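Participant: No sequence on hand, only this structure:
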């Protein structure tokens, strides 16, 4: 009989080093973001922790420095629900950092009650998709100058639960927190595909991934019946350390150097839905995202 550990990538083993490389991780103060930061710090990277809660970020930074012996850990404020904060963060990075070799778009909100970002976007679509889309856009020139470079988008198997509703992208006509979350994660995968095509030949590769069902703070908005169900299935869920493994794999694995645009789970290529492979919808979403953010990105 197989143990539960064998159902998924419990720990990805690699001695690959990141000395001299700079990594940015959004939402790096908790959960899989923090465990990703810890692992990459141990590999010698300069780690920029981009976090909304600076007090938690400073605590996490001290813990990671202590655990990794790597003093080169930086904390900067980033609120993905506010484009002004995203622009301020990107300006700081573009002015202060000589390179960004790995960008891990990890932060997110999950199945929260209906609310809007500072710019009037539905919160899940605004943070999980548009916030990271804008951040990537603002850093892309620096990333291109830092090749070989990688962009890692933390998506989810929850992309199966939603569709891109071009006529109601902000869920103003009707709001279902599960479908809205699914839409935001589907957007992550579609834009990974689009970005990979646009970056062909630049030395920048892009990946999206499902981290697994991870026991984390993200579950706090779930209804009581769902939380009870999660507890029942707890043996089949992942710890934050296990949940971080596919992010680390996509950021580090030498064998992915020539791959781009793919979707991964349990440290290997995975199948996504037909909707997540729809290049026509990906293009429409790309154009709409640019329009909503007031940017031009061909």
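Facilitator: Perfect, thanks for sending it. Not measured: the values here are computed from a predicted model.
Participant: Wasn't residue 191 part of a strand?
Facilitator: No: per DSSP: H, G, I helix; E, B strand; the rest coil, residue 191 lies outside any strand segment and is helix.
Participant: and the gap between it and residue 141?
Facilitator: Computed as CB to CB, to the nearest Å, the residue 191 to residue 141 distance reads 18 Å. The way it works is simple: take the backbone N, C-alpha and C, and place the C-beta from them, glycine included.
Participant: Strands along this structure, start to end?
Facilitator: With DSSP state E, the ranges of strands along the chain come out as 22-26, 46-51, 73-77, 102-105, 149-154, 204-210, 263-265, 268-269.
Participant: Tabulate the ones you listed (a markdown table), appending distance to residue 119, mean pLDDT and mean neighbour count.
Facilitator: Formatted as a markdown table, the strands of the chain follow (distance: least, CB to CB, whole Å; pLDDT from 0 to 100; neighbours: other CB atoms under 10 Å):
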| stretch | distance to residue 119 | mean pLDDT | mean neighbour count |
| --- | --- | --- | --- |
| strand 22-26 | 17 | 98 | 26 |
| strand 46-51 | 18 | 98 | 27 |
| strand 73-77 | 17 | 98 | 17 |
| strand 102-105 | 18 | 98 | 28 |
| strand 149-154 | 21 | 98 | 27 |
| strand 204-210 | 24 | 97 | 25 |
| strand 263-265 | 28 | 96 | 23 |
| strand 268-269 | 35 | 95 | 12 |
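Participant: can you put those in CSV and add distance to residue 64?
Facilitator: Shown next, in CSV, are the strands of the chain (distance: least, CB to CB, whole Å):
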stretch, distance to residue 64
strand 22-26, 11
strand 46-51, 7
strand 73-77, 6
strand 102-105, 14
strand 149-154, 18
strand 204-210, 22
strand 263-265, 24
strand 268-269, 27
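Participant: close enough to count as contact, residue 60 and residue 29?
Facilitator: Yes: counting by CB atoms under 8 Å, residue 60 touches residue 29, with 4.3 Å between them.
Participant: if I look at these two, which residues touch both of them?
Facilitator: Taking CB atoms under 8 Å, 6 or more residues apart in numbering as the contact rule, residue 60 and residue 29 both touch 49, 51.
Participant: Which one of those two is surrounded by more residues?
Facilitator: Neighbour count, other CB atoms under 10 Å: between residue 60 and residue 29, residue 29 has more, with 26 against 22.
Participant: Return the per-residue confidence for the more buried one.
Facilitator: With respect to pLDDT, residue 29 scores 97.
Participant: for residue 230, same thing?
Facilitator: On pLDDT, residue 230 comes in at 46.
Participant: Mind jotting down where the helices sit in this structure?
Facilitator: 31-42, 54-68, 83-96, 123-124, 132-144, 177-198, 224-232, 240-252, 279-293 (DSSP state H).
Participant: for the ones you listed, which one sits closest to residue 20?
Facilitator: helix 31-42 (12.7 Å; CB to CB).
Participant: Buried residues in that closest one, which are they?
Facilitator: For helix 31-42, a neighbour-count test (16 or more other CB atoms under 10 Å) marks 31-41 as buried.
Participant: what about residue 166, how many residues close to it?
Facilitator: Counted with other CB under 10 Å, residue 166 comes out at 11.
Participant: wait, isn't it in contact with residue 286?
Facilitator: No: counting by CB under 8 Å, residue 166 sits too far from residue 286 to count as a contact (11.8 Å).
Participant: For the protein, give me the ranges with low pLDDT.
Facilitator: Flagging of the chain using pLDDT under 70 yields the residue ranges 1-10, 214-236, 238.
Participant: same thing but at 80, please
Facilitator: Residues of the chain that meet the criterion pLDDT under 80 lie in 1-11, 13, 213-238.
Participant: tell me the contacts of residue 254?
Facilitator: Neighbour list for residue 254: residue 16 [criterion: CB under 8 Å, 6+ apart].
Participant: residue contacts, residue 91?
Facilitator: Taking CB under 8 Å, 6+ apart, we find residue 91 in contact with residue 138.
Participant: ah, wrong one, I meant residue 260
Facilitator: When contacts are counted by CB under 8 Å, 6+ apart, residue 260 touches 196, 199-200, 205-207.
Participant: Specify which member of the residues you listed is nearest to residue 245.
Facilitator: Ranked by distance to residue 245 (CB to CB), the contacts of residue 260 are led by residue 207 at 13.5 Å.
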